[in-house]
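Colleague: sharing a model prediction with you, sequence too.
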Amino acid sequence: MEFSAEYEGNISVIADIFNASFTASEGSKEGELIGELAHRLMEETPQEDLRVFTAWNNGELDGAIIFSRLTFDGDKRAVFVLGPVAVATKRQGKNIGQRLIAHGLTVLQQQGVDFAATYGDPRFYERVGFTAITEKKCARAISFAAP
């Protein structure tokens, strides 16, 4: 498996994996919605505010993840939120998503990002290092900054 952070020439292919993955798990309406969201994020978000990581195997796209910058007034920290995440339906269950997220988090840390957050199934995201940041355990986050 090869990881890549280049997405500009593959926007449609990447958006398609989100569509297919979410269609399989959530239905066609959700698949179309998430596929369009991914496409718009890649087309409309300034590059400095977006990180797209993909996993390829023999020229086929196995998975893709998107991190988008979050900004807060008066806060200079670099913060990114993970989502959406997709793995090709025929390749699910092979730890591709976990390895892709771990790779993305490593790159973000190397780039000086201070904080990464996500939402979703706590059992999944805890396997890649996220921990709860609210009492309700709705949000998951990883902090790269020293305490």
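Modeller: In hand now; what should we look at?
Colleague: now do the strands in the chain.
Modeller: Secondary structure of the chain (DSSP state E): strands located at 2-4, 50-57, 60-72, 75-87, 115-119, 131-132, 139-143.
Colleague: most distant residue from the centre of this protein?
Modeller: The centre of the chain is farthest from one residue, Gly74, which by Cα atoms, centre = their mean lies 25.8 Å away.
Colleague: that older thread, make a markdown table out of the strands of the chain and add mean neighbour count.
Modeller: Any C-beta I mention is one placed from the backbone N, CA and C, and that applies to glycine too. Converted to a markdown table, the strands of the chain look like this (neighbours: other Cβ atoms under 10 Å):
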| stretch | mean neighbour count |
| --- | --- |
| strand 2-4 | 13 |
| strand 50-57 | 20 |
| strand 60-72 | 19 |
| strand 75-87 | 18 |
| strand 115-119 | 20 |
| strand 131-132 | 14 |
| strand 139-143 | 19 |
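Colleague: including mean pLDDT, could these go into JSON lines?
Modeller: Supplementary listing: these in JSON lines, determined by pLDDT from 0 to 100:
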{"stretch": "strand 2-4", "mean pLDDT": "97"}
{"stretch": "strand 50-57", "mean pLDDT": "98"}
{"stretch": "strand 60-72", "mean pLDDT": "96"}
{"stretch": "strand 75-87", "mean pLDDT": "95"}
{"stretch": "strand 115-119", "mean pLDDT": "89"}
{"stretch": "strand 131-132", "mean pLDDT": "74"}
{"stretch": "strand 139-143", "mean pLDDT": "57"}
